[in-house]
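> let me see the structure of the following:
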Amino acid sequence: MRYLKIMILFLLIYNIYQYQPAFCLDESENTKTLFDCNIQTVTPDDENKPMRSYWIAGINLGTPGLVNFNLGYYWPRFGINTSISFVNLLFGIQSDDSETTMLMAQLNLVLKLYETKNLLLGATAVGAVWFFNDKNDPKNDDTILFGGPAIDLHYKWFFLELGIGFSREFIPGIHDNSTEIIPLVQIGYERKFQTLRRV
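Reported below is the predicted structural model:
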């Protein structure tokens, strides 16, 4: 639970900072006008112009842990996006008695193919892990590594990822570590948080 509280607190603080007024003085002709520097005039040419750099955060269904929390950062051409299961956020990676460890996480490296103000299409390299360790009974240990190519689609708040993953499972005492093909799917809500330049 402490991980979830930290994430929520971070987003609240960021929103407060993002929308904090910054006042500027405009001296033109014989008049002086005080205005909010964060409020910008939007011209027709700027309506579809994407943000240059921004944070994203959201919730999705799919890999790696069925219900996941997303957090990422995007530059003008590239982006990095991480997903971690809500199971880990709510209960942590390690149990209270430190006898079991579980992690379901995913990392996306995104190349932007096309972007406007409301739309982003990207080619993505996905890497993820499902890890379980039981100190009381090592026979229950299990590790699955998987990754592959995917296509990301962001439209306003909607997010969709579709791809093909190649997985390999590592179980103690079993040497049949054959590669299997699994679908890479994420669908959910993501919101942009623009990085403002303070005046």
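> the bottom helix or strand of this structure by mean pLDDT?
Sorting the helices and strands of the chain by mean pLDDT, DSSP states H and E puts strand 31-36 at the bottom, at a mean of 51.
> name the residues of the following helix or strand past that strand that are buried.
For strand 31-36, the following helix or strand on the C-terminal side (DSSP states H and E) is strand 54-62. Applying a neighbour-count criterion of 16 or more other Cβ atoms under 10 Å, the buried positions in strand 54-62 are Tyr54, Trp55, Ile56, Ala57, Gly58, Asn60, Gly62. Heads up, the C-betas are built off the backbone N, CA and C, glycines and all.
> next: stretch 133-149.
By 16+ other Cβ under 10 Å, the buried positions in stretch 133-149 come out as Asp141, Asp142, Ile144, Leu145, Phe146, Gly147, Gly148.
> got it, and stretch 77-95?
Those would be Gly79, Asn81, Ser83, Ile84, Ser85, Phe86, Val87, Asn88, Leu89, Ile93, for stretch 77-95 by 16+ other Cβ under 10 Å.
> pLDDT-wise, what's the bottom of these?
Checking pLDDT across the buried residues of stretch 77-95, the minimum falls on Ile93 at 71.
> OK, contacts around the closest residue to that residue other than its chain neighbours?
Nearest non-adjacent residue to Ile93, counting by Cβ to Cβ, 6 or more residues apart in numbering: Leu103, 5.3 Å away. Contacts for Leu103 were tallied using Cβ atoms under 8 Å, 6 or more residues apart in numbering; they are Asn88, Ile93, Val129, Trp130, Phe131.
> neighbouring strands for the helix or strand hosting the last one, and are they parallel or not?
Using DSSP H and E, Phe131 sits in strand 119-134. Paired with strand 119-134 in the same sheet, following DSSP bridges, are strand 100-115 (antiparallel), strand 142-155 (antiparallel).
> okay if I get those strands as a markdown table plus mean pLDDT and distance to Val185?
Shown next, in a markdown table, are the strands paired with strand 119-134 (pLDDT from 0 to 100; distance: least, Cβ to Cβ, whole Å):
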| stretch | mean pLDDT | distance to Val185 |
| --- | --- | --- |
| strand 100-115 | 92 | 11 |
| strand 142-155 | 93 | 9 |
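> now distance to Thr179 too, for those strands, in JSON lines please.
Output for these, formatted as JSON lines (distance: least, Cβ to Cβ, whole Å):
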{"stretch": "strand 100-115", "distance to Thr179": "18"}
{"stretch": "strand 142-155", "distance to Thr179": "9"}
